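Colleague: no sequence on hand, only this structure:
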């Protein structure tokens, strides 16, 4: 396929499946916490609007949860099929961590999800709220174990090498490796931002089409408050994460900054735009701001970092890729902060729900959280190269002994299957979002086998129903 080697095809296949999978847990983490907040607000205030919003987003959460489980299973199998030497080398660390994720998180989520979806007339409100909280907690625990495993691959510690394989010596050190706290916070907050932007875009879509209800307004208000508060926090977390990366993966920082060499004791400029050339060892057409690189990267006016030329060519990540993926992530993050401030000004002026320019911007920014998440993942994973376990095992030594042809065939099959299956799933989620919140009556109990009228009991039955009149609250 296009002259690619088996190693390149295996990396591309994992990148493709991972790019699909990472979107679903991000929305799942954010929506689970959002549902817990909505149910708590309903229990405390008894306002119908929170209950209606809960039921609306529960359907979307359930479909998204299912797609996340399916896409995650494929990735797990790829460790054995395409990366068998990595599994042989590091399986004693990554295997238990993934098993802990299943035992402590997935079972928790899957068990209480049924109570969330079907327990309104079967358990009390307190127990139902507990189920929602357990699902939300499960999503965060799941992220914790997955990021512990991935962070160990970025900054490994607490292990020894015996007979060519990793042997855990200190599980506390393995789990709480140097990059783990920063990556866990960065990913969790990113999930909340993805959800806030998705929820906000859904509300903006309805308001632009004159579906101006209490539920839609509440959606937009809650989403914009989340954006105002969380987007600046994410910028601060990102800064600390960058300092940690500079300490443990300096080549990655040099590559994403397009920085090749120091000029004596001269302070580093911040290159805003340019074209890193790996062969010529330079960043062409660089547009830079003097001294700003030193200030941001080292928090000093004239601090310096290693340039890429100080690393062997075989140890350099591909600057041409992560230079731009990093800027996409940061640029969208700044746009999120700006959008949050804009919404705050509109709120103070009483125009949050009627400023059509703002609503169009919120709608346009709906996918930006997921795009920034993908850009950040590309920066992190490509920036780790050429190592699969940083400093311990190269990616070229981790790939299974396959020919290029079968990898090309399976990659093509993955592309077709994923675009069809998850394309349909995503289209259905968007269709649910277009339907808007509906009135839900938690008191409509029914006997076993008797259908409840007016409220669908399954997510897939939710779309075809007529919309209620605005102002049902």
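Modeller: The structure has been received and is ready for your questions. This structure is a prediction, so every number in the text was calculated from the model and none was measured.

Colleague: now the strands for the stretch 1-150 of the chain?
Modeller: Read by DSSP state E, counting those that start in this stretch, the stretch 1-150 of the chain holds no strands at all.

Colleague: now the helix or strand hosting residue 420: buried residues?
Modeller: According to DSSP states H and E, residue 420 maps onto helix 404-435. Buried residues in helix 404-435, counted by 16 or more other Cβ atoms under 10 Å: 404, 407-408, 410-411, 414, 418, 422, 425-426, 428-429, 432-433, 435. C-beta here means a position set from N, CA and C on the backbone, and glycine is covered the same way.

Colleague: mind checking pLDDT for the residue lying closest to residue 70 once chain neighbours are set aside?
Modeller: Nearest-residue entry for residue 70: residue 421, 7.6 Å, with adjacent residues in sequence omitted and distances by Cβ to Cβ, 6 or more residues apart in numbering. Residue 421 is assigned a predicted lDDT (pLDDT) of 86.

Colleague: ok, residue 444 next?
Modeller: pLDDT, residue 444: 54.

Colleague: now what about stretch 131-146, what contacts it?
Modeller: Stretch 131-146 is contacted by residues 25, 28-29, 32-33, 35-36, 39, 97-98, 100-101, 104-106, 108-109, 111-113, 115-116, 119, 123, 184, 187-188, 191 when judged by Cβ atoms under 8 Å, 6 or more residues apart in numbering.

Colleague: list only buried entries from the residues you listed.
Modeller: Buried among these by 16+ other Cβ under 10 Å: 25, 28-29, 32-33, 35-36, 39, 97-98, 100-101, 105-106, 108-109, 112-113, 115-116, 184, 187-188, 191.

Colleague: can you list contacts of stretch 264-282?
Modeller: By Cβ under 8 Å, 6+ apart, the list of residues contacting stretch 264-282 from outside reads 255, 257-260, 262, 283-294, 296-298, 301-305, 308-309, 316, 318-320, 323, 327.

Colleague: write the ChimeraX selection for whichever of these are buried.
Modeller: Here is the ChimeraX command that selects the buried residues among those (16+ other Cβ under 10 Å):
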select :255,257,258,259,260,283,288,291,293,294,296,297,298,304,305,308,316,319,323,327
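
Colleague: out of the contacts of stretch 264-282, which sit inside helices?
Modeller: Judged by DSSP state H, the subset of the contacts of stretch 264-282 located in helices is 255, 292, 293, 294, 296, 297, 298, 319, 320, 323, 327.

Colleague: surely residue 388 is within a strand?
Modeller: Yes - according to DSSP: H, G, I helix; E, B strand; the rest coil, residue 388 belongs to a strand.

Colleague: ok, now which ones touch it?
Modeller: 83, 86, 153, 394, 395, 397, 398.

Colleague: cool, and residue 162?
Modeller: No contacts exist for residue 162 under Cβ under 8 Å, 6+ apart.

Colleague: tell me the bridge partners for it.
Modeller: Residues in a beta bridge with residue 162, per DSSP bridges, are residue 165.

Colleague: and it, how far from residue 169?
Modeller: 10 Å (Cβ to Cβ, to the nearest Å).

Colleague: and what of residue 425?
Modeller: From residue 425 to residue 169 the distance is 43 Å (Cβ to Cβ).

Colleague: for the residue nearest to residue 9 when sequence neighbours are not counted, give me its contacts.
Modeller: Leaving aside its sequence neighbours, residue 9 sits nearest to residue 407 (Cβ to Cβ, 6+ apart; 3.9 Å). Going by Cβ under 8 Å, 6+ apart, residue 407 touches 6, 9, 10, 13, 82.

Colleague: tell me the two of these that are most distant?
Modeller: Spatially, the most separated pair among the contacts of residue 407 is 6 and 13, at 10.4 Å (Cβ to Cβ).

Colleague: which of the two has more neighbours?
Modeller: residue 13 (22 against 18; other Cβ atoms under 10 Å).

Colleague: my guess is the more buried one contacts residue 83. True?
Modeller: No - assessed by Cβ atoms under 8 Å, residue 13 is found out of contact with residue 83, at 10.3 Å.

Colleague: now do stretch 42-55, average pLDDT.
Modeller: Mean predicted confidence for stretch 42-55 is 90.
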